[in-house]
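K.L.:
here is a sequence with its predicted model. Questions after.
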Amino acid sequence: MVPPTEAQSRTERRTPARKGKTRGEGQWALGYREPLNANERSKKDDNPLNVRHRIETIYQHGGFASIDPADLRGRFRWWGLYTQRAEGIPGARTGTIEPEELDASYFMMRVRVDGGALTTEQLRVIGEISQTYARDTADITDRQNIQLHWIRVEDVPTIWEKLEAVGLYTTEACGDCPRVLLGSPVAGVAADEIIDATPAIKEITERYIGDKSLSNLPRKFKTAISGSPRWDTVPEINDISLVGVVHPEHGPGFDLWVGGGLSTNPKLAVRLGAWVPIEEAAEVWHAVTSLFRDYGYRRLRHRARLKFLVDDWGAEKTRQVIEDEYLGRKLLDGPAPETPGGHRDHLGVNPQVDGNFYVGVKSQAGRVSGSTLVEIAKAAERVGSSRVRTTVEQNLLVLDVPQQQVDGLVSDLAELGLHSAPTPWRRNVMACTGIEFCKLAIVETKQRAIDLIGDLEQRLADVQGDVRDPVTINLNGCPNACARTQTADIGLKGQMVRDDEGNQVEGFQVHLGGGLGLDAGFGRKIRGHKVTSADLGDYVERLVRNYLGQRTEGERFAQWVARADEDALK
């Protein structure tokens, strides 16, 4: 079968296909192996993992100007490197100018933290790298990674050497490949844990991350594996999720979900009704990943995520292909896990199964610094801990704290701006990287989120005790939903808007009532309603007060939004 030409593809978009005619989607398993767009062509020309050799032998010595554009804006991502946004380019110009005009001669580097698991030594090394090579920048992401900025290509090999000396990597932290594996930050220590997923995460990372047979997927591939009943890895919105559940005959294992994701076309993951024992988790993960590689849509970049294939096939066919073509056996049927309510974030002082405690603290929208990371490592070690964890809420946990040392650690971390008992607004605000560093962003998000936290703590101090359930506020700098705007109570998608005087300024389109767990869904857009960045505090205060004044007993924010009049939501 011959892949369609671009002209044919344009014709197909204009004219409905004739009945019975199969439209090619660039699926390798169906014979479409030729490059169908620039991204596919680049990956075919050279496996992106090979770019490390050129960084170490050519670009390190030649500097930014020596980097081939195909490597710079493509293959570098497979080693956790994105070009950083040039300073001074306003959001109104995002997407309207050439990529080279947006590029600064510096990089964001994403350090991969599978399962969110770090030793204090590893945390200290990241902090020291930040201090030396990244102008003391560091952000904890909502996928448990740590990102640094202002990285020069000349320093990248030295940074890799320092990271790898303590067991850390940037391998496939970005790109069309298996990205970081989300894991419960309290795996192996939580009293309510169904199963410890750590062995499965370790097996997958050791066997498959950096495997060239999986390094050319249609798009990014996101994984979540957790045995926590809190669903603390947002399994509803990952390409593949293994969710802890107890089988009535076989005991603790995982429920298999596939096809979740957000961005501009959000979809919740689909249960396949299959139960997976931990001994088979890596094999099943590999089967699903391989299915995506072979059957995933590659012709159109915006449809090249697993969620589109699963949506077209449905759960029954997806499971059948996994079983018949990749596993060669049937999976066991299994029960659905119980949907959790309330917080998933593990903040505060919590008992471990061994008699020690873990302390969860809140960052300000993920923004920390290299110096802060070094001090966290020191504070943890002073109380006898050597283990820390990152979370999908951009937070950090210190494990293994003796009871008599808890108060001292809480105090030390608070001095660093990390709070174990934050206000509702500090606890539930999340932000993506934003225009400060991201080339896709349209508006500022990090500092705007930090300012919003302080603003709301003052504005809503009189009612914060009335906010019993989380009211999450997620700020995103563009439509790509890195900060999970569609699943927030108050989701704010950055765009340029008009103020009262008609000036074009930074602002947000509003999504309300999204959620996960009990309120799983993508909420509602308020027709034509946008808010300027400057007016954000006024708007959120008005919205929260309307909710508190109109809610019924026990009614969560998302439930109220679903029935509220639009006037109350503006």
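P.N.:
Looks like it arrived, so ask away. Numbering: from 1, shown residues only.

K.L.:
residues in contact with residue 45?
P.N.:
residue 70 (C-beta atoms under 8 Å, 6 or more residues apart in numbering). Quick note: C-beta positions are derived from backbone N, CA and C, even for glycine.

K.L.:
give me the pLDDT value at it.
P.N.:
Note for residue 45: predicted pLDDT of 94.

K.L.:
next one: the one 10 residues further on
P.N.:
The model reports residue 55 with a pLDDT of 98.

K.L.:
which stretches of the stretch 1-150 of the chain form strands?
P.N.:
Ranges of strands within the stretch 1-150 of the chain are 81-85, 103-111, 117-119, 139-140, 146-151, based on DSSP state E, counting those that start in this stretch.

K.L.:
kindly state the beta-bridge partners for residue 497.
P.N.:
In this entry, residue 497 is beta-bridged to residue 505, by DSSP bridges.

K.L.:
wait, doesn't it sit right on residue 530?
P.N.:
Yes: taking contacts as C-beta atoms under 8 Å, residue 497 lies within contact range of residue 530: 4.5 Å.

K.L.:
quick one: common contacting residues for the two?
P.N.:
Here residue 497 and residue 530 share the contacting residues 507, 508, scored by C-beta under 8 Å, 6+ apart.

K.L.:
OK, contacts around the closest residue to residue 345 other than its chain neighbours?
P.N.:
For residue 345, ignoring the flanking residues on the chain, the nearest one in space by C-beta to C-beta, 6 or more residues apart in numbering is residue 393 at 4.6 Å. Contacts for residue 393 were tallied using C-beta under 8 Å, 6+ apart; they are 142, 344, 345, 362, 430.

K.L.:
how many other residues sit next to residue 122?
P.N.:
Residues lying near residue 122 (other C-beta atoms under 10 Å) number 23.

K.L.:
surely it meets residue 168?
P.N.:
Yes: using C-beta under 8 Å, residue 122 is in contact with residue 168, at 5.5 Å.

K.L.:
what touches both of the two?
P.N.:
With C-beta under 8 Å, 6+ apart, residue 122 and residue 168 have no common neighbours.

K.L.:
could you pull out the helices in the stretch 101-250 of the chain for me?
P.N.:
120-133, 156-164, 198-208 (DSSP state H, counting those that start in this stretch).

K.L.:
what about the longest one, distance to the chain center?
P.N.:
This means helix 120-133. The chain centre lies 22 Å from the centre of helix 120-133; the measure is C-alpha atoms, centre = their mean, to the nearest Å.

K.L.:
also stretch 82-90?
P.N.:
21 Å.

K.L.:
report the buried residues of that stretch.
P.N.:
82, 83, 84, 85 (16 or more other C-beta atoms under 10 Å).

K.L.:
what's the closest of the residues you listed to residue 202?
P.N.:
Residue 202 has its nearest neighbour among these in residue 82, at 26.9 Å by C-beta to C-beta.

K.L.:
give the contact list for the residue nearest to the closest one when sequence neighbours are not counted.
P.N.:
Computed as C-beta to C-beta, 6+ apart, the closest residue to residue 82 that is not its neighbour in sequence is residue 108, at 4.6 Å. Shown in contact with residue 108 (C-beta under 8 Å, 6+ apart): 81, 82, 83, 84, 147, 148, 149, 151, 433, 437, 438.

K.L.:
kindly report the same for residue 177.
P.N.:
Residue 177 touches 48, 78, 214, 215, 216, 217, 220, 221, counting by C-beta under 8 Å, 6+ apart.

K.L.:
now do the end-to-end distance for stretch 323-333.
P.N.:
End-to-end distance for stretch 323-333, by C-alpha to C-alpha, to the nearest Å: 12 Å.

K.L.:
could you give me the average pLDDT of it?
P.N.:
98.

K.L.:
in stretch 280-299, what counts as buried?
P.N.:
Those would be 280-282, 284-299, for stretch 280-299 by 16+ other C-beta under 10 Å.

K.L.:
what's near enough to touch residue 486?
P.N.:
262, 266, 511, 514, 522, 523.

K.L.:
quick check, residue 325 in a helix?
P.N.:
Yes: assessed by DSSP: H, G, I helix; E, B strand; the rest coil, residue 325 belongs to a helix.

K.L.:
how many other residues sit next to it?
P.N.:
Residue 325 has 14 nearby residues by other C-beta under 10 Å.

K.L.:
tell me who's in contact with it.
P.N.:
residue 291.

K.L.:
looks like residue 156 contacts residue 55 (just checking).
P.N.:
Yes: judged on C-beta under 8 Å, residue 156 makes contact with residue 55 at a distance of 5.7 Å.

K.L.:
for the helix or strand where residue 350 lies, packing partners?
P.N.:
According to DSSP states H and E, residue 350 maps onto strand 348-351. Under the contact definition 3 or more C-beta pairs under 8 Å, 6 or more residues apart in numbering; DSSP states H and E, strand 348-351 sits against strand 357-361.

K.L.:
tell me how far the next helix or strand along the chain from the strand it packs on lies from the chain's centre.
P.N.:
Using DSSP H and E, the helix or strand that follows strand 357-361 in sequence is helix 370-382. The chain centroid and the centroid of helix 370-382 are separated by 24 Å, computed with C-alpha atoms, centre = their mean.

K.L.:
can I get helix 370-382 as CSV, trimmed to CA atoms?
P.N.:
Output in CSV follows, covering the C-alpha atoms of helix 370-382 (Å, rounded to 0.1, in the frame of the first residue of the first chain):
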residue,chain,number,x,y,z
GLY,A,370,18.9,24.9,43.2
SER,A,371,19.8,26.4,46.5
THR,A,372,16.4,25.3,47.9
LEU,A,373,16.9,21.7,46.7
VAL,A,374,20.3,21.6,48.4
GLU,A,375,18.9,22.9,51.7
ILE,A,376,16.0,20.4,51.5
ALA,A,377,18.5,17.6,51.2
LYS,A,378,20.4,18.9,54.2
ALA,A,379,17.3,19.3,56.3
ALA,A,380,16.2,15.7,55.5
GLU,A,381,19.6,14.3,56.4
ARG,A,382,19.6,16.1,59.7
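
K.L.:
great, nothing more from me.
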